[in-house]
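>>> give the three-dimensional model of this entry:
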Amino acid sequence: MFFDWCHDRGVSLDRIEPILVSLYIEEISGRLKQSREKRGKFQGDVHVKVHGCSTGEFRVLPNLPAELAQGLFAEERSFSAAVRFSNSVSHPQPDFVRDGRGMAMKLLEIAGERLSPPLLDYDPVHYTEGVVSSDHWSSICPASS
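Okay, the predicted model is just below:
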């Protein structure tokens, strides 16, 4: 909705992206600091309760539409993957309480040029790539409600 509002008014996302990123970093940093002060220890602001972890294979399907066939998804192939399932609230709670659920995948042995340098220089050829998804019982995006 926000991006539609910007587009309708001719506001370039290139102009406001640095501002949005800065605001996001400030918000997340504040939440993490507040959490540490409240609990006396560091705890992430979401996905604090892990429901399970697994390993598997992530397959990129052939013949994806051009708008989806980008980067990792440009060609048919498979990657080894580690997967974590979790809730998405900032505190542990019983599973019957409705909240979002998250799934994070770490794809392994990614070859090729990177947009940003790796955090750890452990292998000059193969890297990892993170893929994160989340659902929620309500959504700010009308099309996904």
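>>> tell me the predicted confidence for the closest residue in space to Trp5 that isn't next to it in sequence.
Excluding its sequence neighbours, the residue lying closest to Trp5 (C-beta to C-beta, 6 or more residues apart in numbering) is Val11, at 8.0 Å. Where C-beta positions appear, they are placed from N, C-alpha and C, glycine not excepted. At Val11, the pLDDT value in this model is 78.
>>> so how far is Arg31 from Val11?
Val11 is 27 Å from Arg31, where distance means C-beta to C-beta, to the nearest Å.
>>> try Gly130
From Gly130 over to Arg31 (counting by C-beta to C-beta), the distance is 20 Å.
>>> looking at those two, which has the bigger crowd around it?
Set Gly130 next to Arg31 and count neighbours by other C-beta atoms under 10 Å: Arg31 wins out with 14 against 8.
>>> from the contact counts, what lies against the lengthiest helix in the chain?
Ranked by residue count and defined by DSSP state H, the top helix of the chain is helix 13-39. Under the contact criterion of 3 or more C-beta pairs under 8 Å, 6 or more residues apart in numbering; DSSP states H and E, helix 13-39 touches helix 2-8.
>>> now do the helix it packs on: which elements does it pack against?
Under the contact rule (3+ C-beta pairs under 8 Å, 6+ apart), helix 2-8 is packed against helix 13-39.
>>> which helix or strand lies directly C-terminal to the helix it packs on?
strand 50-60 (DSSP states H and E).
>>> so what strands line up beside that next one?
strand 77-87 (antiparallel) (DSSP bridges).
>>> buried residues of the helix or strand following the strand it pairs with, list them for me.
Sequence-wise, the next helix or strand downstream of strand 77-87 (DSSP H and E) is strand 101-111. The neighbour-count check on strand 101-111 (16 or more other C-beta atoms under 10 Å) flags Arg101, Gly102, Ala104, Met105, Lys106, Leu107, Ile110 as buried.
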